[in-house]
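J.: here is a sequence with its predicted model. Questions after.
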Amino acid sequence: MAKAAPKRMPLPKRFSAALTEDAYARLRALNEQHGLGNNYLLTVLLEHLDDYADADKLDEVFDNFIAEYGSPSQRPTKGKPK
């Protein structure tokens, strides 16, 4: 009996993302461990975030980040009126 070929998950949304060196190193390490490309790794991490992340801890991490760096959505963008 022939083994069925694995399904491919379509990834219809594309975007450009900038990462810190540390974040990109973690992504590369996950890629080495699991053999998935960056697009699939990010898809798995984000689609299943509630399965592995504590919601209160995640809120705390975001709050700490915003306290230190601010929220990019609150910063004025170059070339656009405020």
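T.: In hand now; what should we look at? Numbers count the residues shown, from 1 in each chain.

J.: poorly predicted segments of this protein, please.
T.: Scanning the chain for pLDDT under 70 picks out 74-82.

J.: and the most centrally placed residue in the chain, how close does it get to A5?
T.: In the chain, the residue lying closest to the centroid (CA atoms, centre = their mean) is L42, at 4.5 Å. Look at L42 and A5: by CB to CB, to the nearest Å, they are 24 Å apart. Using the backbone N, CA and C atoms, a C-beta is placed for each residue, glycine as well.

J.: coming back round to it: mind telling me what element the residue nearest to the centre of the chain is part of?
T.: helix 38-47 (DSSP states H and E).

J.: and what of E68?
T.: Using DSSP H and E, E68 falls in helix 55-69.

J.: in that helix, what's buried?
T.: Of all the residues in helix 55-69, not one is buried under the rule 16 or more other CB atoms under 10 Å.

J.: pull the distance from that helix to the chain's centre.
T.: Distance of helix 55-69 from the chain centroid (CA atoms, centre = their mean, to the nearest Å) equals 15 Å.

J.: which strands and helices sit next to it?
T.: Using 3 or more CB pairs under 8 Å, 6 or more residues apart in numbering; DSSP states H and E, no helix or strand is in contact with helix 55-69.

J.: contacts for it next, please.
T.: Applying CB atoms under 8 Å, 6 or more residues apart in numbering, the contact partners of helix 55-69 are L49.

J.: dump it to CSV, restricted to CA.
T.: What follows is helix 55-69, C-alpha atoms only, in CSV (Å, rounded to 0.1, in the frame of the first residue of the first chain):
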residue,chain,number,x,y,z
ALA,A,55,-2.4,34.6,28.8
ASP,A,56,-1.6,36.5,31.9
LYS,A,57,2.2,36.1,31.4
LEU,A,58,1.8,37.1,27.7
ASP,A,59,0.0,40.3,28.7
GLU,A,60,2.8,41.0,31.2
VAL,A,61,5.4,40.5,28.5
PHE,A,62,3.6,42.9,26.1
ASP,A,63,3.0,45.4,28.9
ASN,A,64,6.7,45.4,29.9
PHE,A,65,7.8,45.8,26.2
ILE,A,66,5.4,48.7,25.7
ALA,A,67,6.6,50.3,29.0
GLU,A,68,10.3,50.1,27.8
TYR,A,69,9.9,50.8,24.0
